[in-house]
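**Q** Task: produce atomic coordinates for the following.
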Amino acid sequence: MARKQKTRPDGMLVAAKHLVEARKAVGQPGVLEALGSLGEREPVMANYLGEGLAAMSGRLALSGAPTDLVRGIHQESLMLVLSALEAQRKATYELWEGTTFGTLLEELAKPEPEPAPAPVKKPRTRKKKGE
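**A** From the prediction side, this is the model:
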């Protein structure tokens, strides 16, 4: 059985609903808690984000930006990036939902076999008297 295509025709994977769901998922516990949760699943990525945003915030502070502005930009940037990553994750799970663990990708791409043709019936012949 061929797998139904769940993405848009143009190859788009993330839809608006994924972004809305992700924003709620990140916003409810708070961005620092969401970053900690990401750190449990993807520690290298979480460290990369944390360090990068800390460096950006430091540059803003050194350039004379007010502390409240620096904190706000850090929070908004972290919310934006974490929401985008979570939306990508949700969309990917939705795309692969229902597939079996360990299924080879080439097996998923194989077309369904065509049904075998029906056997051809031989025409009946009448027997002549005496045969």
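**Q** all contacts plus neighbour counts: C-alpha atoms, from now on.
**A** OK.
**Q** Name all residues that make contact with residue 118.
**A** Contacts for residue 118 (CA atoms under 8 Å, 6 or more residues apart in numbering) come out as none.
**Q** now swap in residue 42 and tell me
**A** Counted by CA under 8 Å, 6+ apart, residue 42 has zero contacts.
**Q** Repeat the analysis, applying 10 Å as the threshold.
**A** 35-36 (CA atoms under 10 Å, 6 or more residues apart in numbering).
**Q** pLDDT score for it?
**A** The score at residue 42 is 92. That number is its pLDDT.
**Q** element containing residue 118?
**A** Of the helices and strands defined by DSSP states H and E, none includes residue 118.
**Q** Now it: phi and psi?
**A** Per-residue torsions, residue 118: phi -70, psi 140 (degrees, to the nearest 10).
**Q** number of nearby residues for residue 89?
**A** When neighbours are counted by other CA atoms under 10 Å, residue 89 registers 15.
**Q** what's the pLDDT at it?
**A** If you check residue 89, the pLDDT there is 89.
**Q** and it, how far is that from residue 125?
**A** Counting by CA to CA, to the nearest Å, the gap from residue 89 to residue 125 is 68 Å.
**Q** Could you do residue 14 as well?
**A** For residue 14 relative to residue 125 (CA to CA), the value is 66 Å.
**Q** Which of those two has more residues huddled nearby?
**A** Just comparing residue 14 and residue 125: by other CA under 10 Å the higher neighbour count belongs to residue 14, 19 against 6.
**Q** That one contacts residue 87, correct?
**A** Yes - taking contacts as CA atoms under 10 Å, residue 14 lies within contact range of residue 87: 6.5 Å.
**Q** Residue 113: what secondary structure?
**A** coil (DSSP: H, G, I helix; E, B strand; the rest coil).
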